[in-house]
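> Build me a model:
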Amino acid sequence: MNRFSLLTIGRKMKILLISPYHSGSHQQWAEGYMNHSEHDVQLLALPGKNWKWRMQGGAVTLARLFGQQQQKFQPDLILVDDMLDLTTFLALTRQQQTIKHVPVALYMHENQLTYPLHHDPLQGAMRRQQGKRDRHLVFMNYSSMLAADHIYFNSQYHLESWFNALPNFLKNYPDFNELETIQQLRDKSSVLYVGIDTIPIPDSSIENKSMPPLILWNQRWEYDKDPDAFLAALLRLHEEGVHFQVAFCGENFSQNPVAFDHAIEVLGEKVVHVGFASNKKYASLLQNTTLTFSTAKHEFFGISMVESMLHGSMVFLPRRLSYPELVPAPLSSLVFYEDHVDLVAKLKNALTNHQQTQQHGDELKANAQQFTWEKLASKYDQELLTLISC
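As a prediction, this is how the structure comes out:
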């Protein structure tokens, strides 16, 4: 009797979920699915630090750890994310009978080919390569896709941008470019959006309607999110005398730039929070947020924006990247801005028309329910179930 036959008579599927860089959005995704799936999902993870080393060496350690526990948990399917060198992991584990023919699904949170590089070669993730893209890490993404039975991208934008860039990447090599594999990879690829847990609001968090409307920054304070454009919009609102408060609670992996310190000084008492927020503090800020906006130049999905929408916040987004997938067509004219001038105008209108802004926030909240684990977990379960029936 095969695995699929066992499942049709009621046995839960056993899924081994491998998370080589278990932190941030990777951790939230892995634990979110594990907690909401109807199947038996077991996690095999490494701490979320030293991300390049996790991509290069994590597979060796994870293969060893898997070997130590394989008798305790024999999976029907293995689900891994893009931080794993899947070819190395399989080379070190396929000789074990328990997973010799077990299908593998690869989930792409991000990729190393279309992730934007910093304009300053001495800054950003590739500073040790003098600003040049690490081709080995890109090839690791590519070879992992070849080894996987199915590939899931977290947005259609992510899928399209990867496959649009892949041909030129492979043509960089002198011969045997294997361009025919591109269509093979595309044929086994599909989109499966990120599931998000709604963040519980503490009992002590009470919305204060007498305070000025709150603007929330809840993204990483890194170059690809273009925080300078965010600050420029805030400073323009301040110059025009618009009443608001602002909370900066995104994760920051580097020192604050001069422009940030200057903006904090100019905005003065308008700034109610600076620094990475604890879960409790973040939940309280979400509860009281009037609006959130993104100035990102790069985004594969947009977890922070969806989190804001799920708590009733109005959002304003550039009409690019993955963002059009997050907002229904009837609301697009309200949410998307075309340039800096349009953004400031939309922000000013929202901050001075509270009732209308709240109504639009409620509409976005209703639409964003589709991205919660309560809605998506069953879709994940069904998608992965089909892989073991092939």
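> List the strands paired with the strand or helix carrying residue 107, with their directions.
Assigned by DSSP states H and E, residue 107 belongs to strand 104-108. Counting by DSSP bridges, the strands paired with strand 104-108 are strand 77-81 (parallel), strand 150-153 (parallel).
> From the chain's centroid, how far away is it?
Remark: strand 104-108 is offset 15 Å from the chain centroid, using Cα atoms, centre = their mean, to the nearest Å.
> which residues touch the helix or strand that it is followed by?
On the C-terminal side of strand 104-108, the nearest following helix or strand under DSSP H and E is helix 135-147. The set of residues external to helix 135-147 that reach it, using Cβ atoms under 8 Å, 6 or more residues apart in numbering, is 52, 55-56, 80, 82, 84-87, 90, 104, 106, 108, 111-113, 151, 166, 169-170, 172, 181, 185, 189. (C-beta placed from N, C-alpha, C; glycine too.)
> Scan the protein for its longest helix.
helix 51-69 (DSSP state H).
> Other residues contacting it?
Contacts of helix 51-69 (Cβ under 8 Å, 6+ apart): 16, 18, 20-21, 44, 46, 48, 83-86, 88-89, 92-93, 96, 134, 136-137, 140.
> Distance from it to the middle of the chain?
Worked out by Cα atoms, centre = their mean, helix 51-69 lies 22 Å from the chain centre.
> again with stretch 171-184
Offset of stretch 171-184 from its chain centre (Cα atoms, centre = their mean): 28 Å.
> Compute the first-to-last residue distance for that stretch.
From its first residue to its last, stretch 171-184 covers 17 Å (Cα to Cα, to the nearest Å).
> Give me the buried positions along that stretch.
residue 182 (16 or more other Cβ atoms under 10 Å).
> what's the answer for stretch 14-27, then?
Using 16+ other Cβ under 10 Å as the burial criterion, the residues of stretch 14-27 that qualify are 14-23, 25-27.
> between the residues you listed, which is closest to residue 226?
Within those, proximity to residue 226 (Cβ to Cβ) peaks at residue 25, which comes in at 18.8 Å.
> Let me know the pLDDT of that closest one.
Per-residue pLDDT puts residue 25 at 94.
> Please, which helix or strand holds residue 201?
Using DSSP H and E, no helix or strand contains residue 201.
> Near it, how many residues? Count them for me, please.
By the criterion of other Cβ atoms under 10 Å, residue 201 has 16 neighbours.
> Pretty sure it sits against residue 285.
No: assessed by Cβ atoms under 8 Å, residue 201 is found out of contact with residue 285, at 10.4 Å.
> Which neighbours do these two have in common?
With the criterion set as Cβ under 8 Å, 6+ apart, the contacts of residue 201 and residue 285 do not overlap.
> now residue 16, what's its secondary structure?
At residue 16 the chain is in strand, as set by DSSP: H, G, I helix; E, B strand; the rest coil.
> follow-up on the earlier one: by how many degrees do the strand holding residue 107 and helix 135-147 diverge?
In terms of direction (axes from the mean of the first three to the mean of the last three Cα atoms, to 10 degrees), strand 104-108 departs from helix 135-147 by 140 degrees.
> show me what contacts the residue nearest to residue 30 when sequence neighbours are not counted?
Distances taken as Cβ to Cβ, 6 or more residues apart in numbering put residue 19 closest to residue 30, at 4.4 Å, once the chain neighbours are dropped. Counting by Cβ under 8 Å, 6+ apart, residue 19 touches 26, 27, 30, 43, 44, 45, 46, 81, 83.
> quick check, nearest of the residues you listed to residue 326?
Of the contacts of residue 19, the one sitting nearest to residue 326 (Cβ to Cβ) turns out to be residue 26, at 19.8 Å.
> Hmm, residue 107 and that closest one touching each other?
No: checked against Cβ under 8 Å, the pair residue 26 and residue 107 is beyond contact range at 9.5 Å.
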